[in-house]
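Asks: sequence first, then the predicted structure, then my questions.
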Protein chains: 2
Amino acid sequence: MPKVKFSPQDKDIEIADGTTILTAAQAAGVYINNLCGGNGVCGKCRVQVINSRIHADMHSMSFLSKQEITEGYALACQTRVDGDMKIIIPPESIPEEPKILLEGIQVNYSSPEKIFLHKIPADPASLIDPFIQNIYLEMGEPSLDDNISDVDRLIRELRKKTGYGFFDISLGCLRGLALNLRNNGWKVTATIARRSHAWQILQVRGGDAFEQSYGVAVDVGTTTIVVQLINMKSGAVVGVAGSHNLQSRYGEDVISRMIYACGREQGLNPLNTAVVKTINDLILSLAAEKGINPDNIYAIAAAGNTTMTHLLFNLMPCAIRLQPYVPTASVYPQVSSKEMDIKINPDGAMEVLPSVSSYVGGDIVAGILACGIADRPETRALIDVGTNGEIALGNNQWLVCCSASAGPAFEGGGIKYGMRATRGAIEEVIIEDDNVRYKTIGNAKPRGLCGSGLIDCLYEFSRNHIIDGDGTLRLETDNGRIVEKDGESQFILAYPDETENGHELVVTQSDINHLIRSKGAVFAAIKSLVDYVGLTFRDINAFYVAGGFGVNLDIRKAIGIGLLPDIEPESIQFVGNSSLMGARMYLLSAQAAGRSVEIARMMTNVELSNYQPFMDEYVAAMFLPHTDRRLFPSVTY
Amino acid sequence: MPKVKFSPQDKDIEIADGTTILTAAQAAGVYINNLCGGNGVCGKCRVQVINSRIHADMHSMSFLSKQEITEGYALACQTRVDGDMKIIIPPESIPEEPKILLEGIQVNYSSPEKIFLHKIPADPASLIDPFIQNIYLEMGEPSLDDNISDVDRLIRELRKKTGYGFFDISLGCLRGLALNLRNNGWKVTATIARRSHAWQILQVRGGDAFEQSYGVAVDVGTTTIVVQLINMKSGAVVGVAGSHNLQSRYGEDVISRMIYACGREQGLNPLNTAVVKTINDLILSLAAEKGINPDNIYAIAAAGNTTMTHLLFNLMPCAIRLQPYVPTASVYPQVSSKEMDIKINPDGAMEVLPSVSSYVGGDIVAGILACGIADRPETRALIDVGTNGEIALGNNQWLVCCSASAGPAFEGGGIKYGMRATRGAIEEVIIEDDNVRYKTIGNAKPRGLCGSGLIDCLYEFSRNHIIDGDGTLRLETDNGRIVEKDGESQFILAYPDETENGHELVVTQSDINHLIRSKGAVFAAIKSLVDYVGLTFRDINAFYVAGGFGVNLDIRKAIGIGLLPDIEPESIQFVGNSSLMGARMYLLSAQAAGRSVEIARMMTNVELSNYQPFMDEYVAAMFLPHTDRRLFPSVTY
């Protein structure tokens, strides 16, 4: 079989002729960017083939300049192994560790009434009441006057200590119980789990294990998975870690992953294994770093979109993708860490936040929980601009939500030099005529643009009349950065001498069109939802914006391009990873967990794909800032 | 290694020198009677060693006549392999299939008010409400107007169909659900299990499986296990089968089995495996015989004494045996057939009737349930004379119970020619002077005596003044059947020409002493319990007698020896296998299952081992019929 060598990773593999280079890379353990799941439509998996004639198809070539084709560039997913090959993976095709939004909401103390988080009491431990608990018990030894069964004795003590009424016991725990109690002198810690309306005793260990009880909150993002290790006694965050979701190798958005899972035999298992492995790797490395035995971690609460949740539970997501968009479940059972293969205490358990519909998941429920939207009478909104834009709106009386296929543009997807908010991403842009200033993450040489950088570009292009209201680059002006190349207009943001790979970094006309479609979809969804409930933007007390734009989203510029409604910027707050914060609240508090189910149940899902007013709003929003300028009175360009 | 051959089974095995013959037989798959668990104290494992010098110890020889020792007889558990051997297992050492009490209570229609069973309605199906149910559902397909999740749709239909409020779902069922519903056109049977306060969905199958739903009721006896296969739709008994508990090879009573389980490394597992195998063999052969796929059997309800229940669940029974006699559990969790290795549908479940204390088990709770003692205001009693005698007393307001170490005498244990109620057992005896008439089970040549035969003997010995009031055989009389042999007095019940093995069949003085101790313990327990609650025998409306005496227990003779109280024989009813009947009621009815827990909880256990009045009663009862003849006015011998 031919041998394929990859640099700069210095890995090789023998693999059959006809295999795609992408598959060969995956087999060799080499990760290549791959936004569309290997369908040749994102152009992110560019590689340079050194010593072989390549067979890239015409379609793939549209992503490459003539020079690049001459130099042997091709798309890894569309190019097949044909004899021995040496492949160079260029920097822009190598996934880089993201600048992860690790912490939850950054509380805006200047307007505390808008955020409920300030209500966390001085001693948060007093509120801690998780779905898995360690209870230390000191029992009297049995005597002839008190010879009830071991289980009855255990439950009698648990009732005294907790006040809970009903207890059941697992067979595994029952089997070791008699010896366990006697060998430990009737002083043990019982691990109990809340199940429907009773508690189940999962484990009994000698001594007082309460001090050493940990839990994990997980944000199961499509792109990035973040894990927080929590002390279950104090509620404190012991540590936090994030990494790429290993599922990315099967496609970068939920649609490509569903296609992967449903389009072949045994397509689901690799996706499940990948997400479980990502979570396990994070937990184990975090536990090792903090000197914590993973056996002392008992509980996991996770939040993710509906597809990610299905893949985590190893549920076929196929019906999510097709009309009428039906998930297998929206409220998920408690499962044992053992049956999920999660590497914490094998008698531990996992719960996942409930979802609302196929495209409004537990992450948005977590966000509403974290922002306290359902806790107060004022109407507030949450806008989560991920790969799929999700909007929720409501108060303690009602909640509506919708999702819009905004596309991954603000996470860098489908944009020629778009990238996630990682090192080298341009996150801020200011343009005065042909004078461009930018700031990159890590102050590195630019590799591309993340969401906040793209928003800035679009805003600066408009403000400087580099583009028209419909987004057309004005070739007719004398701005030297506007050029025509490879058949389309482009704006040169950085010249070859400025960039990491020595190529010029451009924003193309199709990038701009793409961004306008995305911002239009998000705004149209917000507008449609607000209209749907008979309100105006002015009736909404606060907008919380969550998502992977990068940390430094400029709210004024996001309004300026018509992505967010034109209200006082102080009413809009960028909240970062509200999903993780919600998962932590769920982990620690029975009240929050119960509230999350109420949120999911009380939320009315407005299906925009079927809703004519949304289509009208969408068309109207495909302009900068909007076809109806009265909606954006503060925008002056 | 030396080779040991067994006849008449024609099996052989190569096994190390020094192994006991009993162990060699077990290894070869040859079953030998073994009441004491291999401790050399029951004398039931007599074998004849043909071609080898044997090394029986002095102790064992006390069980053998001089002639037998000359002929090579020895106890298999005390005799070690020493070179090649040929072993003959004599008929009396081969366990025979018992004449099992397969059916439950034989309703006494002449006094129907005494038994609640006549209250079963004309259509018993209307009362069937088991802990596992198959529910057939026809769901509407999802549409954009009704695109709730698959689980929500399933639960919505289940709520409509059953009226139950709360449902949960197992991960296993969840994982296959989406495909399952779609592949079966939304017409499925859901298998649901009652768990604490909610129902868990265990399995979803295409089509209507309700017609093919079966369950199993099991009486897990120390000696004999009986299985009833039940149609879960009609409640009808489809078939019944019983066999020896394979645990017998580790000792025949609960004490020897506990010693086996607790006295060595890994002693518990073989006992668990043996009882599970016995149950599986019975279920599978019964299912095959009736043409039923074991996959259509979903539920098992079992009743057994506390030790048997512990061994079934694989729980260490060690604390049961020692003061203060503490079981691991008295109410047991529902367990899946998979985790128990029970060969029915792997998503099926098992429940076991709750017990009261270490020595009052689920079998007696089942008996009280079956006899309806807790259903009515009249005070009634249940006397279960098994290896361990158990007495319960009460009505719908209160229940007390106790257990007495009666010993296995009435099941044939510890009696020279005692045997269970199997073919060849003498079950009835009438003596006029030295004229003995008897009836054997199956009208075979006599092999020994079962419980009813022993009761008859004791009664006839007394009536004919063959023994004194304290049980001493009257050697001084001219009855030719009373002889002195091997150092003790004996009564020859059958001469060598009458018996199966051609040896004479005798009742020895120690047998008589043993029986008097047993009957004394049972009566003393009854008397103590009745006194304890401040009643007299006349206050008790009915006595139900359960146990393995054999089918034809003569109540008048049982009174005559002072085993049962001297009240009108019509008030005493032999009810046979009330444990199996209770297990079937538990299987079919949530109400009965709930009632069984109430029975176990409301029952006050009187610990006789610590109770002086019992000791006094015991001493007073060691006489025929009793030292206080006023208690037995009707006994005229």
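Replies: Everything's here; your move.
Asks: so who does A:I344 touch?
Replies: A:216, A:283, A:294-295, A:297-300, A:337 (Cβ atoms under 8 Å, 6 or more residues apart in numbering or on different chains). Glycine gets a C-beta too; all of them are placed from N, C-alpha and C.
Asks: could you find the closest non-adjacent residue to it?
Replies: Among residues not flanking A:I344 along the chain, A:I297 sits closest, at 3.9 Å (Cβ to Cβ, 6 or more residues apart in numbering or on different chains).
Asks: now render the contacts of A:I344 as TSV, adding pLDDT and neighbour count.
Replies: Converted to TSV, these look like this (pLDDT from 0 to 100; neighbours: other Cβ atoms under 10 Å in any protein chain shown):
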residue	pLDDT	neighbour count
A:V216	97	30
A:I283	97	23
A:P294	96	19
A:D295	95	17
A:I297	97	27
A:Y298	96	27
A:A299	97	29
A:I300	98	25
A:S337	96	22
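Asks: just the ones of those residues in helices?
Replies: A:283, A:337 (DSSP state H).
Asks: which ones among the contacts of A:I344 are found in strands?
Replies: A:216, A:297-300 (DSSP state E).
Asks: and which of those is nearest to chain B?
Replies: Set against chain B, the nearest of the ones in strands among the contacts of A:I344 by Cβ to the nearest Cβ is A:I300 (14.2 Å).
Asks: look up how far chain B lies from the most centrally placed residue in chain A.
Replies: Nearest to the mean C-alpha position of chain A, counting by Cα atoms, centre = their mean, stands A:G221 at 2.5 Å. A:G221 sits 22 Å away from chain B, going by Cβ to the nearest Cβ, to the nearest Å.
Asks: again, but for A:A190
Replies: Taking Cβ to the nearest Cβ, one finds A:A190 at 14 Å from chain B.
Asks: listing partners with orientation, what would you give for the helix or strand containing that residue?
Replies: Assessed by DSSP states H and E, A:A190 sits inside strand A:187-195. The strands that strand A:187-195 pairs with in its sheet are strand A:132-138 (antiparallel), strand A:198-206 (antiparallel) (by DSSP bridges).
Asks: next helix or strand past the first one?
Replies: For strand A:132-138, the following helix or strand on the C-terminal side (DSSP H and E) is helix A:150-162.
Asks: next, the angle from the helix or strand containing A:A178 to strand A:198-206.
Replies: For A:A178, the element it lies in under DSSP H and E is helix A:171-183. Going by axes from the mean of the first three to the mean of the last three Cα atoms, to 10 degrees, helix A:171-183 is angled at 40 degrees with respect to strand A:198-206.
Asks: which other helices and strands contact helix A:171-183?
Replies: When contacts are defined as 3 or more Cβ pairs under 8 Å, 6 or more residues apart in numbering or on different chains; DSSP states H and E, helix A:171-183 sits against helix A:150-162, strand A:198-206, helix B:306-313, helix B:318-321.
Asks: single out the most deeply packed of the ones you listed.
Replies: Among the helices and strands packed on helix A:171-183, helix B:306-313 has the highest mean neighbour count (mean count of other Cβ atoms under 10 Å in any protein chain shown), at a mean of 28.
Asks: hmm, it touching chain A?
Replies: Yes: for helix B:306-313, a contact with chain A is found by Cβ under 8 Å from any Cβ of the partner chain, at B:F313.
Asks: pLDDT weak spots in chain A?
Replies: A:35, A:37, A:53, A:55-60, A:96-126, A:387, A:550-551 (pLDDT under 70).
Asks: quickly list the domain ranges of it.
Replies: Domain assignment for chain A by automatic domain parsing gives A:3-93, A:128-211, A:213-352, A:370-408+A:521-628, A:409-515.
Asks: about what we covered before: pretty sure the residue nearest to A:I344 is touching A:K290, no?
Replies: No: applying Cβ atoms under 8 Å, one finds A:I297 not in contact with A:K290, separated by 10.7 Å.
Asks: intersection of neighbour lists for these two?
Replies: A:L229.
Asks: tell me how many other residues crowd the closest residue to A:R249 other than its chain neighbours.
Replies: Spatial nearest neighbour of A:R249, chain neighbours left out: A:Q26 (5.2 Å); criterion: Cβ to Cβ, 6+ apart. A:Q26 has 20 neighbours, counted by other Cβ atoms under 10 Å in any protein chain shown.
Asks: and A:Q26, how far from chain B?
Replies: The value you get for A:Q26 to chain B, if Cβ to the nearest Cβ is used, is 25 Å.
Asks: what helix or strand is that residue on?
Replies: A:Q26 belongs to helix A:21-28, assigned by DSSP H and E.
Asks: buried residues in that helix?
Replies: A:21-26, A:28 (16 or more other Cβ atoms under 10 Å in any protein chain shown).
Asks: return the closest of those residues with respect to A:G172.
Replies: Nearest to A:G172 among these: A:Q26, at 37.8 Å, using Cβ to Cβ.
Asks: for A:I492, name its beta-bridge partners.
Replies: With DSSP bridges as the rule, A:I492 is bridged to A:V506.
Asks: what's the separation between the residue lying closest to the residue nearest to the centre of chain A once chain neighbours are set aside and A:A274?
Replies: Distances taken as Cβ to Cβ, 6+ apart put A:N245 closest to A:G221, at 6.5 Å, once the chain neighbours are dropped. Per Cβ to Cβ, to the nearest Å, A:N245 is found 7 Å from A:A274.
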